[in-house]
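Colleague: Sequence unavailable; structure follows:
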C-alpha cells in the first residue's frame with residue numbers, strides 16, 4: 001500500500017473510533033429524556049387519533065355530560081377559551 005493510502009486508512013480508523021465515542025456520549029446524555037419524550041409522543045398520537053375520529057370524542061363528552069353536567073360545562077368553557085387563545089396566537093404568526 002502506498003504511504004498516502006496508509007495515512008488515509010489510519011485517519012479513517014481514528015475518525016471511526018471518534019464517531020463511536022461521540023455516539024456513546026450522546027446516548028448517555030439523551031437517556032434521561034427517553035421517558036418524557038415517550039410520554040409526549042403518545043400524547044401527540046392521542047391528539048392525532050381524536051382529530052381523525054371526532055365522533056368518538058363527541059360520544060365521550062356526551063357520556064361525561066350525562067354523568068356530571070357541571071363538570072362538562074366547565075370543560076366546554078375551558079375548551080372554548082383554549083380554542084380562542086390558539087386562534088389569536090395563530091393569527092399573530094400567520095399573516096393573511
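Modeller: Perfect, thanks for sending it. Quick caveat, the model's predicted, so the values are computed rather than measured.
Colleague: Low-confidence stretches in the chain?
Modeller: Using pLDDT under 70 as the threshold, the predicted model of the chain has low-confidence ranges 1, 64-65, 67, 69, 72, 94-96.
Colleague: That one: helices as residue ranges?
Modeller: Shown for the chain, the helices assigned by DSSP state H span residues 3-30, 34-52, 54-67, 69-93.
Colleague: Taking their axis directions, the third one and helix 34-52 sit at what angle?
Modeller: Which is helix 54-67. Note on geometry: by axes from the mean of the first three to the mean of the last three Cα atoms, to 10 degrees, helix 54-67 and helix 34-52 are set 90 degrees apart in direction.
Colleague: about what we covered before: turn the helices of the chain into CSV, columns for mean neighbour count.
Modeller: Placement of C-beta: from N, CA and C, glycine included. Converted to CSV, the helices of the chain look like this (neighbours: other Cβ atoms under 10 Å):
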stretch, mean neighbour count
helix 3-30, 10
helix 34-52, 10
helix 54-67, 11
helix 69-93, 10
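Colleague: Pop the domain breakdown of the protein in here.
Modeller: 1-52, 54-96 (automatic domain parsing).
Colleague: State the phi and psi torsions of residue 53.
Modeller: When quoted as degrees, to the nearest 10, the phi and psi of residue 53 stand at phi -130, psi 70.
Colleague: What count of nearby residues applies to it?
Modeller: Residues contacting residue 53 under the criterion other Cβ atoms under 10 Å number 11.
Colleague: and it, what does it touch?
Modeller: Residue 53 makes contact with no residue under the criterion Cβ atoms under 8 Å, 6 or more residues apart in numbering.
Colleague: Give me the distance between it and residue 78.
Modeller: Residue 53 sits at a distance of 21 Å from residue 78 (criterion: Cβ to Cβ, to the nearest Å).
Colleague: repeat for residue 39
Modeller: Taken as Cβ to Cβ, the spacing of residue 39 relative to residue 78 amounts to 22 Å.
Colleague: cool, residue 15 as well?
Modeller: The span separating residue 15 from residue 78 equals 55 Å under the rule Cβ to Cβ.
Colleague: Kindly report the same for residue 55.
Modeller: 21 Å.
Colleague: cool, residue 36 as well?
Modeller: As defined by Cβ to Cβ, residue 36 lies at a distance of 24 Å from residue 78.
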